[in-house]
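K.L.:
just coords:
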């Protein structure tokens, strides 16, 4: 997809890349919401978290695992981590990207990354941000991801 800025992530294009393998690339967020705010993307274009299906649960788990490794390398304990996806139309780039964050948040930025808890059969309540683990469980259950409970 030619117009997707995340399909062209490179140091040459102004991205501060901190990790990369054959399938994924991680770079520092240009407007960090926390001291450690990393974007982790698949190199293959995937529109958004809303387009993921049941078979993509493993992709989400792999992304979370990479995010945990990046935060481990920074010495951040699990209690100081947030990892998740904004749900369209509340996203800024139409390419799947996992926000990998080490807390605390800068100022009032926390509101952008609120994860609503699930209830009953739902893994997530109403909200525009879904945690990586919530997303994987929702997909494994055969649910699609959206702003409403899933």
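P.N.:
Perfect, I can see it now. None of the values given here were measured: they were computed from a predicted structure.

K.L.:
distance from the longest helix that the chain contains to the middle of the chain?
P.N.:
For the chain, the helix with the greatest residue count under DSSP state H is helix 57-73. Relative to its parent chain, helix 57-73 has a centroid offset of 10 Å by C-alpha atoms, centre = their mean, to the nearest Å.

K.L.:
buried set for that helix?
P.N.:
Judged by neighbour count using 16 or more other C-beta atoms under 10 Å, the buried positions of helix 57-73 are 57, 59-61, 63-64, 66-68, 70-71. Heads up, the C-betas are built off the backbone N, CA and C, glycines and all.

K.L.:
would you say residue 84 is within a strand?
P.N.:
Yes. Under DSSP: H, G, I helix; E, B strand; the rest coil, residue 84 sits within a strand.

K.L.:
and the closest residue to it other than its chain neighbours, how many neighbours?
P.N.:
What sits nearest to residue 84 in space, not counting adjacent residues and going by C-beta to C-beta, 6 or more residues apart in numbering, is residue 131, at 4.4 Å. Neighbour count for residue 131, taken as other C-beta atoms under 10 Å: 21.

K.L.:
how about residue 131, what does it touch?
P.N.:
Contacts for residue 131 (C-beta atoms under 8 Å, 6 or more residues apart in numbering) come out as 82-84, 115, 124.

K.L.:
list of residues touching the longest helix of the chain?
P.N.:
18-19, 24, 26, 36, 38, 40, 42, 52, 78, 81, 83, 98, 100, 102, 132-133, 135-137, 139-140.
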